[in-house]
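*Asks:* kindly generate the corresponding structure for this input.
(one chain, ligands or ions: 2)
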Amino acid sequence: MKILEASQLADLDSYSCKEQNISSWELMERAAGLAYEEIKTRLNSATQQIKVLAGPGNNGGDGLAIAYFLAQDGWDVDVFLVNFTSSRSPDNQKNLVRLKNQAKSNIRELTEDSELPEFTSEDLVIDAIFGVGLNRSMPEFVQKLARKHNGSASQCICIDVPSGMYLDQSPGEDEAVFQSDLILTFQTPKLPFYLPDYSGVVGEVKIIDIGLSQKRLSEISSELNLVDLSLAKKLYRPRPRFSHKGTYGHAVLIGGSELMLGSVILSSKSCMHSGVGKTSVLMPSRGHSALIQHLPEAMLVENASEDFISDQDLGFNADAIGIGIGIGTSEAALSALGAWLEKADCPLVIDADALNLIAEHITLKDKKRLRTLDGQVPKKSILTPHPGELRRLVGSWKDDFEKLNLIKDFSKQFDVIVLAKDAYSLCVYQDQVFVNSTGNSGMATAGSGDVLTGLLTGLLAQGYSSLNAAVLGMFLHGLAGDLAAEEMSEESLTASDIIRYFGDSFSKLKA
Ligand SMILES: NC(=O)C1=CN([C@@H]2O[C@H](COP(=O)(O)OP(=O)(O)OC[C@H]3O[C@@H](n4cnc5c(N)ncnc54)[C@H](OP(=O)(O)O)[C@@H]3O)[C@@H](O)[C@H]2O)[C@H](O)CC1
Ligand SMILES: [K+]
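*Replies:* Ligands and ions are numbered 1, 2, ... in the order given. As a prediction, this is how the structure comes out:
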C-alpha cells in the first residue's frame, strides 16, 4: 500500500473530486461519515461525554461533521472550536453553520486566553485540530491543550493523524502531540505511524477507504510503501507442480564461533523451512554433531577450525549465502569473512557480527581493510542490522527522518539492500522504502534475527531477487511471529516458535 506525502494527498483529493464530479465538501462529508460509522461501533454506555476538538481547517471540518452526526444520533457532544486563526476553510465554515443550526450540541470557542477544558476518564475526545496540513509548531495554547489531554485518563480518537504530528519530520523535543487510542486515517497509511519517534502517541490505526481515485493512486509514484498482505501476495511465487529439490536452490549458512553455535543452527533450521531445496552449513566443527542432531535435513561443509568459521571451499555452487550469525569479531572471523565477501558469486545476506566487522572497517577508515571488506561487499547483498548495528554502519541520527536518509545514502553508496530491524522494520533500497506492517514485541527475543537471516537466505536461494526476498521475508517473519503470539502470547514466544509458524504464514499468502 502506498504511503503518500501531504502534497500527493492533496493532489489525490482534488483529482478524485473532479473524476467523481463531487465537491470537496461532499468528499469531506463522505470521509467524516465513514469515520463516524467507525466511531459508533466503539461507543458504549460507559461513554458519558464526547468532546470534539475542531480546528478551523479541513481536519476541523471533519470533526464538525462527526459532531453533527453524533448529536443527530442522540449523543451528548461538547464541541470546542480551537481557533488558532480567525480564518476558516469554506467546508469547515459550512459544517459549523449546519452544526449551529442543529442546536443539539454545546459549542465553545477556545483561543489563547481561554480556560482549557478538563478531561476525565469518562470522556471520549475526538481530536480534529490539525490533520496533514500541519507545517510548523502548533500554537502554544494548542500544545497546552494536548499536554492537558495527554495527562488525563480520557480516551482519544484522532482524525486522520494525531494533532501535532508532521508527515515529514519528527516532533521537536518540547513539542506536544495528541496521544491517540485510535487513529482513523483516510485512504492511505502515514509514515510517522511506523516510526519510533512517534511511538508514544500512536495507538491502533484504522485506515478508512474513502473511495479516492484508484486510477490516480496507481499513477502517483511513491517510493514509500507499507508492506501488507496484498503487497506480499504480489511478491510470492507459487511452486510449480513439476519440480524437484534442485528447483528450489541450494542455500549455505556460514556462522558460529566457540560459544555461539546455537544461532547458526537456528538460522539453518529457519532456512530449511523457507521452501529451499537444500541447506548446507559451514560452522565450527565442534558444533557439527549438535547440528545433525537438531537438523538432520542439513548438510555440513567441512571446516578446518573447531572454534571459528573458515573460508573452506564449498565444492558446489551455492545459490545464496547467509553469513555472520554468531561468528564473533576475532581476527579469524574477520579473515574468513573477507575471503567469503571476495569469492562469493551468489547473492548474500549479511548479518550480526559480519555487520560489526564491516562497520568497524568502514569507520576506521583503514585503507587496507577498506579494500578487503567495504570495497567487496557484493552489490545487492541484503544487510540486516538491528538499531545498534545500524548505527555502527551509517553513523548516528538525531531523528527517524535523518536515520532514513542515512540508510538511503548507505544503500546507494554500496548498492545494497538494508533491512533495518525495528518494531516496524524498514527495508530500504536506494530511495525505495518498504515499511513492514507485521511483527510484535514478543519477537524482541534472542534468535529472532537469526531466524530472519535463515529465511531470507532460503528465499534468495529459491531465485527471488534480493529486494523481493528482503521485503517478502521481512513480512513473512513478522506474520509468523504474529500468528505465534496469537496462540501463545507475546511473552512466551521464542525464536523457534517463529519458525513453527512459517507454514501458517505462507498459507496466508496463498489464501
Ligand atoms: N482525502 C482526504 O484524506 C481528506 C482529508 N480531509 C481532511 O483534511 C485534512 C487536511 O486539511 P487542511 O485544511 O489541508 O489542513 P489542516 O486542517 O491540517 O490544517 C489547517 C491549516 O492550518 C495551517 N497551519 C498548519 N500548521 C499550523 C500551525 N502550526 N499553526 C497555525 N496554522 C497552521 C495551514 O495553513 P497555512 O496556510 O497557515 O500554512 C493548514 O492548511 C486532512 O488531514 C483530513 O482530515 C478532508 O476532509 C477530505 C478528505
Ligand atoms: K487530528
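
*Asks:* what sits closest to the residue of the stretch 401-511 of the chain found nearest ligand 2 if chain neighbours are left out?
*Replies:* Nearest residue of the stretch 401-511 of the chain to ligand 2, counting by C-beta to the ion: residue 401, 20.2 Å away. The C-beta positions use only the backbone N, C-alpha and C, and glycine is treated the same way. The shortest distance from residue 401 to any residue other than its chain neighbours is 5.6 Å, reached at residue 169 (C-beta to C-beta, 6 or more residues apart in numbering).

*Asks:* list the contacts for the residue of the stretch 401-511 of the chain closest to ligand 2?
*Replies:* By C-beta atoms under 8 Å, 6 or more residues apart in numbering, residue 401 lies in contact with 168-170, 195.

*Asks:* residues near the residue nearest to residue 401, how many?
*Replies:* 15 (other C-beta atoms under 10 Å).

*Asks:* if we can go back for a sec, only the buried subset of the contacts of residue 401, as a ChimeraX command please.
*Replies:* The buried residues among the contacts of residue 401 can be selected in ChimeraX (16 or more other C-beta atoms under 10 Å) with this line:
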select :170,195
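
*Asks:* before we move on, back to that, host element of the residue of the stretch 401-511 of the chain closest to ligand 2?
*Replies:* Using DSSP states H and E, residue 401 sits within helix 400-414.

*Asks:* near ligand 1, which residues of the protein?
*Replies:* 9, 13, 27-28, 31, 55, 57-62, 84-85, 89, 130-139, 159-160, 186-187, 210, 212 (C-beta under 6 Å from any ligand atom).

*Asks:* count of neighbours near the residue nearest to residue 451 when sequence neighbours are not counted?
*Replies:* Using C-beta to C-beta, 6+ apart and skipping residues adjacent in sequence, the residue nearest residue 451 is residue 270, 4.2 Å away. When neighbours are counted by other C-beta under 10 Å, residue 270 registers 30.

*Asks:* any idea how far apart the tips of stretch 409-424 sit?
*Replies:* 20 Å (C-alpha to C-alpha, to the nearest Å).

*Asks:* what of stretch 284-297?
*Replies:* 18 Å.

*Asks:* and if you look at stretch 436-447?
*Replies:* End-to-end span of stretch 436-447 (C-alpha to C-alpha): 19 Å.

*Asks:* identify each buried residue in it, please.
*Replies:* 436-439, 442-445, 447.

*Asks:* what is the nearest of these to residue 335?
*Replies:* Nearest to residue 335, judged by C-beta to C-beta, of the buried residues of stretch 436-447 is residue 447 at 26.4 Å.

*Asks:* any idea of the pLDDT on that closest one?
*Replies:* pLDDT recorded at residue 447 is 96.

*Asks:* i'd like the first residue to be 9 from this point on
*Replies:* Yep, numbering from 9; the last one is residue 455 now.

*Asks:* tell me how many other residues surround the closest residue to it other than its chain neighbours.
*Replies:* Nearest residue to residue 455 in three dimensions, chain neighbours excluded: residue 503, at 3.0 Å (C-beta to C-beta, 6+ apart). When neighbours are counted by other C-beta under 10 Å, residue 503 registers 22.
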